[in-house]
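> Below is the sequence, then the predicted model.
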Number of protein chains: 2
Amino acid sequence: MNQDYIVPNNWSIIEEGFNPESVKSSESLFSIGNGAMGQRANFEEFYSGPTFQGSYIAGVYYPDKTRVGWWKNGYPEYFAKVLNAPNWIGINVFVNDEQIDLFTCTTIGNFKRELNMKEGWLSRSFFATLQNGVQIKVESIRFLSLDIDEVGAIKYSVTPLNYDAKISFTPYLDAGIMNEDTNWDDQFWDVLNIVQEGKQSFVEAKTMKTNFHTCTFMESKLFLNDKEVAVKSVDFKSASYASSKYEKNIKQGDSFIIHKIGGYTVDRNQDRNELISSAKEALKLATDLGFEGLLEMQKEAWAKIWSTSDITIEGDVKAQQGIRFNIFHLNQTYLGKDPLLNIGPKGFTGEKYGGSTYWDTEAYCIPFYMATKDQKVARRLLEYRHAHLEKAIENATKLGFTNGAALYPMVTMNGEECHNEWEITFEEIHRNGAIAFAIYNYHRYTNDYSYIPEKGLEVLIGIARFWQQRATFSSDKEQYMILGVTGPNEYENNINNNWYTNYIAKWCINYALENLEIVKNDYISDYSRIIGKVDITNEELKKWRAVADNMYFPYSEKNDIYLQQDGFLDKELITVSELDSSQRPINQKWSWDRILRSPYIKQADVLQGFYLFEDHFTTEELVRHFDFYEPLTVHESSLSPCVHSIQSAKLDRIEQAYTFYLRTSRLDLDDYNHEVEEGLHITSMAGTWMSIVEGFGGMRIHNNRLTFAPKIPKRWKNYSFKVNFRNQVLKVNISHSETTFELDGLNDLKIVVNGDFVNVTPNVLKTV
Amino acid sequence: MNQDYIVPNNWSIIEEGFNPESVKSSESLFSIGNGAMGQRANFEEFYSGPTFQGSYIAGVYYPDKTRVGWWKNGYPEYFAKVLNAPNWIGINVFVNDEQIDLFTCTTIGNFKRELNMKEGWLSRSFFATLQNGVQIKVESIRFLSLDIDEVGAIKYSVTPLNYDAKISFTPYLDAGIMNEDTNWDDQFWDVLNIVQEGKQSFVEAKTMKTNFHTCTFMESKLFLNDKEVAVKSVDFKSASYASSKYEKNIKQGDSFIIHKIGGYTVDRNQDRNELISSAKEALKLATDLGFEGLLEMQKEAWAKIWSTSDITIEGDVKAQQGIRFNIFHLNQTYLGKDPLLNIGPKGFTGEKYGGSTYWDTEAYCIPFYMATKDQKVARRLLEYRHAHLEKAIENATKLGFTNGAALYPMVTMNGEECHNEWEITFEEIHRNGAIAFAIYNYHRYTNDYSYIPEKGLEVLIGIARFWQQRATFSSDKEQYMILGVTGPNEYENNINNNWYTNYIAKWCINYALENLEIVKNDYISDYSRIIGKVDITNEELKKWRAVADNMYFPYSEKNDIYLQQDGFLDKELITVSELDSSQRPINQKWSWDRILRSPYIKQADVLQGFYLFEDHFTTEELVRHFDFYEPLTVHESSLSPCVHSIQSAKLDRIEQAYTFYLRTSRLDLDDYNHEVEEGLHITSMAGTWMSIVEGFGGMRIHNNRLTFAPKIPKRWKNYSFKVNFRNQVLKVNISHSETTFELDGLNDLKIVVNGDFVNVTPNVLKTV
C-alpha cells in the first residue's frame, strides 16, 4: 500500500483535508463518467499546483505516428492516443478581483471531497482565506448524466464569510488543451467555429487526422442563495476559448451560486452539420429539468444499476468500499449502449496505454457484464469482435498469414492494430485465445448457442487458422511449437513455447472443430452460408488436427510442472520475498533487459491457463503450479491479484485470498503500483468482482448449472452478491454459518452448492 | 543484383543517360565528402522530380525524442538523428526566364555523371532543350576540399546552342531544410542571422536542442567562357534563405560560367562568435587559390591517399571499380583528423540509423585504417572509446550494473546511448566485446603495447566487470549463462546464450585478466594509477574467473556444432536456397515476428566468432559450422558478405569467395539490398578491403609476424594491395603464378608466406 488517505466509507470515496501532494491521485480516484464521456476530478476553479487535466469523449482518438523500428516491415501505422478533449467544466472565480486558487490560499479549512457512488455525483467543499483577507466557503457538486449522456451539470457556490465581496464567475470552454503524454507539444484539435448566443456558448472543433467533429457547449444560470438572479454576462472569445463573466456584489453570509450545464455532441452519434443544434436540444432538455431535476434522475439511474450489481460486505468497511469503487467505475466506463465502444484500460481517467480494447475485455470484463446486466450486453461485446473479423484477417495478412487466418489486434479503436511495440503487437498473440474463450464462456453461462452459428463460428475459424499457421514444426523435437511470443507475463518477450499460449492455441483449434461439427449437423443453413464464405477443406482440417494433437508443452520432470516457457529454468530463480523491497516495483526500478532476464512474473501466466481451464487439471496440479509460480510473481499488472485470489480461495488459503482481494479491490485507492496519478485500472476492476463471486463465492458453471462453494474471510460478518443467470437474478448471501439464496424470476432454479443439488424457488429464501 | 546502370570503369563511377528513376540511387552513389562534411550528389539547379536532398556536417546531430515504450525504465533519452544541414550547393538557373529543370526539359542528350575517385571530384554534363525551345549545354564540376575542409567548390557552365539567350544564375544558401526521415515535419534549425556583404552571403543557424552553431556561406564569381566578368548581383534574403542573382545576355555558343565556393564553419571547431569571420578566412584562402587552384590541390591530396591505400585488380573492371569505390568512400567519411569523430554507417550519404559510432568501427573499420594510414589513426579510434569510458559506466549504471562495469552504447554521438530499440540498446551487448577485441587487434598488428597501460586496461576492466555481472548462474545447468541478448544476427532478439556473445564475453574477461597481470608486472606506475581508480579486489577477480571458467555454450551433439542460441534447433530449418526468391529480402517482405522465428541469419554470427577467433578452431570445425550456418544466411546486413568471403577463401572455395567479394564490393553500386537510395553502407566497405587483403591475400598476424596465404579468383590476372605494417609500407602483388613483395621502409621485414619464412628487403622486389 502506498497511500492511505481515503476515508473508509461504505458508499462514498472521501478525502478530508487539502493536500497538494494528493491532488493528481484524487483526480484519478474521483473521476466521473457516464459511458459516453468522462473526466478526471479536476477542480472547476483555477488551480496553479500540479494537476493532470483530463476530459475524454468515448471513441474519440488520435492516430499518433509510430516512431521506432521504421525499417521493420509490418509495423502498425499508428498508435491510437486517447485524446484529451476540450474542457467544459472550467469556472474561473474571483473574489474582490483575486482569483480563487487552492494552491495559493492563505488558509484552507474543512476541505472535503466526496464521490458518492450510490447516487453518482462528485462534491467538494472547503473554507479558505484568500491573500486579500477575504474568507470564503465554497461548495460544488458535479455529475455526468446517465440519462442525457451528452451533458453534465455543475453547481458551484461561493459564500464570503467576513466581508461583503464582489464575486465573479467566468464559466468557460477551452479547446486549447494538450495531452498529458504529449512529448512534442502537439496540438490535436482544430477549432472550427465559436458561437456565443445568449447564455449559451459552443465551440466546434475537430480532431486532426481522425476528423472527429465535436461541439463542446455550456449554459449557465446564476443564483443568490436559492433564488435565480439575472446577471448580465460579459462574453469573450479567442481562437479556441469562449467564456462569459458574471459579476455581482455579494453580502457577507450570502451565497453566489452558478449552475453550469455543459458537455459534448459528437459526429460519432449525430449529423456533423447539426452538432450545435443537437447541443441546443440537449441543453434544452437539461435546463428544463434544472440542476436538481437532473440530479434526481441521476440518483434513480444509479439505484437501478446497483439493484442488479451491488455486492455488500459486512464487517469490513475497506473491503466494502473497494468492491463498490470497482463496480462503480466499471459502470461509469461502459454501459453496453453503443456497439462501437469497448472498455478502455483506463476508462475516462487517464491517457496511458492508448486504444480502447484489449484482451482484458474477454478475459476479465465479460463475466462481470454477463452477470450484472442483461445478457445482451455481453453478446454485444462478442459482436464487437465479430464486426472486426475482416480487419483481424487483414492484420494477419499483413504479417504473412493466408487463407482467412485472423489475428485480432492487441489494442484497437476500430479493429485495426494500434499499438506499436513489436513484442506486443506481433507477439502477444494469446489475445486470440481469450477472444475464442469468451465465446465458449458466453455460451456456457447464458446457454445462448445462437451466437455461434450466427457469428461466432466465423471468428473461431479465423482464429483456428491463425494458430495452425503460426505453429512451426520442429524436426528436432518432432512436435509443433509456437516460437517468438509474449505470454500474459509481459515481463518476458519473444520467448519460445509459452505454455499458456500453446495450451490455448490447441484448445482454440479443438473448440473450433467441435463447433464446426455442431453447426454442420444442427444449423445447416448457417453452415452452408459460412462454408460458402470461408472455404474449408478436409485437407485444412487435417492440418488443424495435426497441430492440436501434436502441440509441444514445455515441462520440467524435476519439478513436475509445466514451464512458463522453454528457457524458464535457466533463470536465477530467486523468489520475490528474497528480493529487497527497494527494488520494487521492478518496472519502475529496473531496466527492461533486467526485467526480461529475471524470473519475475508480472501477472498470472501458467496460472492464467489453470484459471481458464480449471477443469482440465487436478487440485494437486494447481497446488504444485501455484506454489512454484506465485512466489515468483510481482503482481505488477492490475490483472494479477484477482486470479491469484480466486485460486487461493479454491485452495482454501482464505487469508492469502483475502490479501489478494484487498490488493485487487483497493489497487487504486491504496495505490499499490505507485501510479494512480496516471489514471485508474478499469478493466482489472472486473477481476475484483470475480475474486468475490468466483473466489469466495466459488461460483462456476458445471454441466449447464450454476454451482457454488461458499467461503468467507475471517473478518467479514457476511457478504452478498447478485448474478443475473439466464434472465433471473439470484442473490447469494454468505455468512460464516450459512448461505442463503433468493431468486428474482419466474422459474425454479436448480443449483449446486458444495456438491449438492439445491432447488431455489422464486421469491423464497433458501438457506443452505 | 538490383541495378546495373553504372558504367564499369577502373577509376570512376559513371552514369550515362538521364533516368529519373535512378536519380536517388545516383545521389547516394556519387556522394562526396571530406571527413568534415559531405553531401549527396544532388543537382545544383532546381529539380522537380523525386530527389533526396542531403547535406551533412560531421558531428552535428539532433536528439530526437524516443517515443515507444515510455513506461519502460532505462530507455535512452534520445535518438541521435543525423541532421540535414543548410544547403549551400544550390544554383537556380534560368534561360530566357525559364528555369532549368531536368525533370521537365523537352529533350535531354548526352547526360553524363562522373565521380572521379582518383582525383576526388564529381562532374555532370548534358544537352537539353527547354520548353521555350532554347537548346543548352550544361557542365558542372564539384568537390569538397580535403585541404581546406570548411569549403567546397562548384564550377557550373551553361552554353546556349541555338539562340542568344538571357541567362541567370541565382546561387543561394537555404537553411529551410528538413530531414528526409522526419515524420512530423519538424524543423531542426533556428536561423540566427543572415548577412550579405559584396559577393559573400552568410547564414548563421543553430540546431535546436543540441545548439550546434554553424555558418553556411558562399561566394561566387562569373565568367564568360574563360574570362571573369563583372555582373551586378541582385541580392535577396528571407527568414532562412539568402541568394544573389546574376543575369547576363549570352551569345549562342558562348558559355556563362559561375564558380561558387561554399561551405560551413561550425562551433565544434571554431569560436561560436567568430563563425562569420572564420568563414571569411576560409573564403579568402579558397578564392585566392581559385577553382582551378583548389582542384589541383584536391588531386594532389587524393594522390597521396591512394599512394598508401590503393588496391589494383587486373582483368576484372567491375571488381576493380568496386574496391576503389569502397576505399574512396571510406576516405571521404573519416580521415582520422578529429578525435571526436567516428565512422557513421551511412557516412555523409543519408540519414538512416542515426548516430555516428557503432561496433562496425571496431569489428570492421580498424583493420582498414590500421593498414592504410599511420597507426595513430587506429589508436585515435581506440582513444575515442577510452574517452567515453565514464559514459559507458554511466550507461551500465542506468541498467543496474555497479562497481564501474561499463556498457558501451550501441549507437552514439558523444558517448551516450542514442538508439531506441530495447532489443538493440539493452541487449545487443556483444558490442562491448568488439571494443575489447580492437585493443587486442591493435596491439597484435602494431606491437604498440603502450596503449594498454596508458588507457586500454581501464576499458578492459570496465568491460570485464560488465560481463561478469551480466552473466547469471543457472542452478539447473550449473553454469553461467547470458540471457536475453541480441547477437550479431539481429534477426533474433532477446535470445538466451548467443554463442558468439558468450564466447567473446569469456574471452574479454580472460584478456582483461592477462593484461592486468602484464601491467602489474611491467608497468608498475600505470598499474598503481589504475588500481587507485578502479579498486579491484581478489574477491572480484575470483568472480571474473568463475564466470569465464564456467561459461555455458549451447552445442548440438547431433550436428557437432555450437548453436547460435539455445532454441536454434527448434526452428524450421529450411535453407535460403529453398526459399522462394519473391520472399527476399525478408526484411522488406516479412513482418518482424516472422523474421524472428525463422532460421534466417542476417549476418555472420557464430561465424563472426570463428572469424575473430580463427586460431581457436580447426579448419574442420570451420567447415562444419560454415556449412551449417551459411546456407541459412540471407546476408541482408552489409557486414555479412565480407566475413563469408574471407572464410570461403580460407576454405579454398575461391569461386564462392569471389561471389561474396562482388557482393560486398558492389553492394551499393549494384544495390543488392534494394535500398541504396537511402545512402551507402560505409562501414561495411572496410569489410570489402578485408575480403581482399585477409580473404584472397590471406594476410594475418601470427606470432608477431605478417603472414600471407595468397589465392586469386580465376578471372583476375593479378591484384595488388599495400599495407602499412609498423611504419613500413609493404606492397603485395599476387598473380596466378607468383606473389611479389615490395617494401617501402628502412628495415628488412621477415614475413611468412604459405607457412615459409620470407625476408623482404626495402626497395628490393621479392618474388615467391
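Everything's here; your move. If you're wondering where the values come from, they're calculated on a predicted model, not measured in any experiment.
> CA only for contacts and neighbour counts going forward, please
Fine.
> isn't A:His681 right next to A:Glu636, touching?
No: using Cα atoms under 8 Å, A:His681 makes no contact with A:Glu636, being 11.8 Å away.
> More neighbours: which of these two?
A:His681 (26 against 20; other Cα atoms under 10 Å in any protein chain shown).
> quick one: pLDDT of the more buried one?
A:His681 carries a pLDDT value of 96.
> What separation is there between the closest residue to it other than its chain neighbours and chain B?
In this structure, A:His681 finds its nearest non-sequential neighbour in A:Lys346, 5.4 Å apart by Cα to Cα, 6 or more residues apart in numbering or on different chains. In this view, A:Lys346 and chain B are 15 Å apart by Cα to the nearest Cα, to the nearest Å.
> Could you tell me which residues of the stretch 251-400 of chain A lie near chain B?
Counting by Cα under 8 Å from any Cα of the partner chain, the residues of the stretch 251-400 of chain A close to chain B are A:Lys398, A:Leu399, A:Gly400.
> for the residues you listed, which one is nearest chain B?
A:Leu399 (5.2 Å; Cα to the nearest Cα).
> Need the contact partners of stretch A:317-330.
With contact meaning Cα atoms under 8 Å, 6 or more residues apart in numbering or on different chains, stretch A:317-330 is reached by A:8-13, A:32-33, A:117, A:309-314, A:662, A:665-666, A:669, A:682-683, A:685-686, A:688-689.
> Next: stretch A:95-102.
Stretch A:95-102 is touched from outside by A:45-48, A:92-94, A:108, A:128, A:130-132, A:134, A:165-168, with contacts defined as Cα under 8 Å, 6+ apart.
> for stretch A:461-468, same thing?
By Cα under 8 Å, 6+ apart, stretch A:461-468 touches A:389, A:393, A:396, A:401, A:403-407, A:432-433, A:436, A:505-506, A:508-509, A:512, A:543-544, A:547-548.
> From these, which land in helices?
In this view, the contacts of stretch A:461-468 that belong to helices under DSSP state H are A:389, A:393, A:396, A:432-433, A:436, A:505-506, A:508-509, A:512, A:543-544, A:547-548.
> A:Gln34: what's its closest spatial neighbour, skipping adjacent residues?
Not Gln; residue A:34 is Asn. A:Asn34's closest residue in space is A:Gln332 (Cα to Cα, 6+ apart), at 4.8 Å.
> gap between the two ends of stretch A:722-736?
End-to-end distance for stretch A:722-736: 18 Å, by Cα to Cα, to the nearest Å.
> For A:Val758, list each beta-bridge partner.
In this entry, A:Val758 is beta-bridged to A:Ile751, by DSSP bridges.
> quick one: it and A:Phe741, what's the gap?
If you measure A:Val758 against A:Phe741 using Cα to Cα, the figure is 10 Å.
> Please apply the same query to A:Ser645.
In terms of Cα to Cα, A:Ser645 sits 23 Å off from A:Phe741.
> ok, the two, which is more surrounded?
The residue with more neighbours, out of A:Ser645 and A:Phe741 and counting by other Cα under 10 Å, is A:Ser645; that gives 31 against 24.
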